[in-house]
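[1] Need a 3D model of the following:
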Amino acid sequence: MVTTPDYQPGSDDDADLLLRLSAILVAGKTLTTQVRWVDTHGDLRFTATLDSEGVTVEGLTLFGRASASLPGTAVTFGLRWAKTPGRYDHFDRLDWKPSHVHNNKGLGAPEWRFRPFQTSHHHSLVLNAATEVGLLNAMADNLPVAEPVIPEPANWEAILALVGERWNITDLINVPYPPWQYDILQRPGAASRRGEVKERPS
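    Now for the predicted structure:
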């Protein structure tokens, strides 16, 4: 487990941070600028700042990750917080149709301990703040506890709608498809938001 220097689980730092991040989660938010995916050797990512009441929220970023070779699967969305300059940790994360099984650690609520998930799952602030290690340590350990997303979001629009609702980001539905690489044998479908002709994932 990764630990934070000079920090004791259950300290006032946890309580103060939980209050602040909970307030950020429920506040109405919008994207500061249009999201643009960056392709680094097949690893697709974006980071974006968010506004609330017309002001950019300091220390908060929205993160997205996908694989160019895995259309319609293995997408991660995360909210990140900078407790110190240059150090960002997730405080809420959602994995859509992961390509690998996620196994919960033996932490937090008994019903989720050691549970494996092959389907979409949510590493929520609430679940991880309630673990024995404390919120700061859970964030430093990339939010080790998750619960399944039911029902499974069927397509890109569905996962954007779900994440936008859970995080109260009203225009998240405008995030474009990742620039996935499609097999040339796939039959053409509707035009994507990037203006290319390809079949959209189901």
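[2] if I pick the closest residue to residue 27 other than its chain neighbours, what's in contact with it?
    Excluding the flanking residues, the one nearest residue 27 by Cβ to Cβ, 6 or more residues apart in numbering is residue 52, at 4.8 Å. For every residue, glycine as well, the C-beta is placed using N, CA and C. For residue 52, the contact set (Cβ atoms under 8 Å, 6 or more residues apart in numbering) comprises 24, 27-30.
[3] Would you write a PyMOL line that selects the buried entries of those residues?
    Remark: buried members of the contacts of residue 52, expressed as a PyMOL selection using 16 or more other Cβ atoms under 10 Å:
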select buried, resi 24+29
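[4] got the buried residues for whichever strand or helix holds residue 21?
    Counting by DSSP states H and E, the element that carries residue 21 is helix 12-26. By neighbour count with 16+ other Cβ under 10 Å, helix 12-26 contains the buried residues 13-14, 17-18, 21, 24-25.
[5] Grab the CA positions of that helix and hand them over as CSV.
    What follows is helix 12-26, C-alpha atoms only, in CSV (Å, rounded to 0.1, in the frame of the first residue of the first chain):
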residue,chain,number,x,y,z
ASP,A,12,-8.6,15.5,10.2
ASP,A,13,-6.9,15.8,6.8
ASP,A,14,-9.2,13.0,5.6
ALA,A,15,-12.4,14.6,6.9
ASP,A,16,-11.5,18.0,5.5
LEU,A,17,-10.6,16.6,2.1
LEU,A,18,-13.8,14.4,2.0
LEU,A,19,-15.9,17.5,2.6
ARG,A,20,-14.2,19.4,-0.1
LEU,A,21,-14.2,16.7,-2.7
SER,A,22,-17.8,15.8,-1.9
ALA,A,23,-18.8,19.4,-2.6
ILE,A,24,-17.0,19.4,-5.9
LEU,A,25,-18.7,16.2,-6.9
VAL,A,26,-22.2,17.5,-6.4
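[6] Check which helices and strands the helix or strand following it sits against.
    Counting by DSSP H and E, the element after helix 12-26 in chain order, helix or strand, is strand 30-31. Applying 3 or more Cβ pairs under 8 Å, 6 or more residues apart in numbering; DSSP states H and E, we find strand 30-31 packed against strand 50-52.
[7] What strands line up against the strand it packs on, and which way round?
    According to DSSP bridges, strand 50-52 forms sheet pairs with strand 30-31 (antiparallel), strand 55-56 (antiparallel).
[8] contacts for the last one?
    Spelled out, that is strand 55-56. Outside strand 55-56, the residues within contact range by Cβ under 8 Å, 6+ apart are 32, 49-50.
[9] And stretch 159-178, by the same measure?
    By Cβ under 8 Å, 6+ apart, stretch 159-178 touches 25-31, 34-35, 37, 44, 46, 50, 62, 64, 66, 68, 75, 77, 79, 92, 94, 96, 120, 122, 149, 153, 156-157, 192-194, 200.
[10] Please pick the buried ones from these.
    For the contacts of stretch 159-178, a burial check counting by 16+ other Cβ under 10 Å picks out 25, 29, 31, 35, 37, 44, 46, 50, 62, 64, 66, 68, 75, 77, 79, 92, 94, 96, 120, 122, 149, 153, 156, 192, 200.
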